[in-house]
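> Got a predicted structure here, sequence first:
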Amino acid sequence: MENHSVVKKFDFPTKRYCQTLELKDEPELIEEYKFWHKKENRWPEIPEGIQSVGILDMELYIFGNRLFMIVETPLDFDWDSAFNKLATLNRQAEWEEFMAKFQLTKPGASSSEKWNMMERIFSL
């Protein structure tokens, strides 16, 4: 189990977004969700689309059935327009529908409707 990651450094200032989402609390589904997020099992169109809308880096962490996502972007990144564009890209809607079986979300919800933006309450 990997409990740490190397932080990517960019040669320019970035913004960081943190979001959370709950998976269905079923061990088999959680393991399958993790399977589909491994590099060798991902649909190639998904990371390509994420990068094409201007996202520099994205990480997912899991604890039990709770997911935590960190997104790094340039300072001029506009979240809403980027995710509206992402929703129209190749296989993105199919991916969201496929992932919905694992997630505690409303049927037909988009990525931006599923994930809850977190509020930073501490910084060192």
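Received, thanks. Residues are numbered from 1 along each chain as shown.
> before we move on, which element is residue 47 in?
helix 45-52 (DSSP states H and E).
> Check which residues of that helix are buried.
For helix 45-52, burial by neighbour count (16 or more other C-beta atoms under 10 Å) applies to 46, 49-50. Placement of C-beta: from N, CA and C, glycine included.
> before we move on, what about stretch 11-18?
So for stretch 11-18, counting by 16+ other C-beta under 10 Å, buried means residue 17.
> contacting residues around it?
Identification of contacts with stretch 11-18 by C-beta atoms under 8 Å, 6 or more residues apart in numbering yields 56, 68-75, 77, 79, 117-118, 120.
> for the residues you listed, which one is nearest residue 28?
residue 68 (21.4 Å; C-beta to C-beta).
> Do I have it right that that closest one meets residue 22?
No - with contacts counted by C-beta atoms under 8 Å, residue 68 stays clear of residue 22, the gap being 10.8 Å.
> what's the angle between the longest helix along the chain and helix 45-52?
The single longest helix within the chain, with elements called by DSSP state H, is helix 27-37. Comparing the axes of helix 27-37 and helix 45-52 via axes from the mean of the first three to the mean of the last three C-alpha atoms, to 10 degrees yields an angle of 60 degrees.
> Which members of the contacts of stretch 11-18 occur in strands, if any?
Judged by DSSP state E, those include 68-74, 117 as members of strands.
> And the furthest pair within those residues?
68 and 74, at 21.9 Å, using C-beta to C-beta across the ones in strands among the contacts of stretch 11-18.
> before we move on, back to that, Provide a ChimeraX selection command restricted to the buried entries of the ones in strands among the contacts of stretch 11-18.
Of the ones in strands among the contacts of stretch 11-18, the buried ones can be selected in ChimeraX as follows, counting by 16+ other C-beta under 10 Å:
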select :69,70,71,72,73
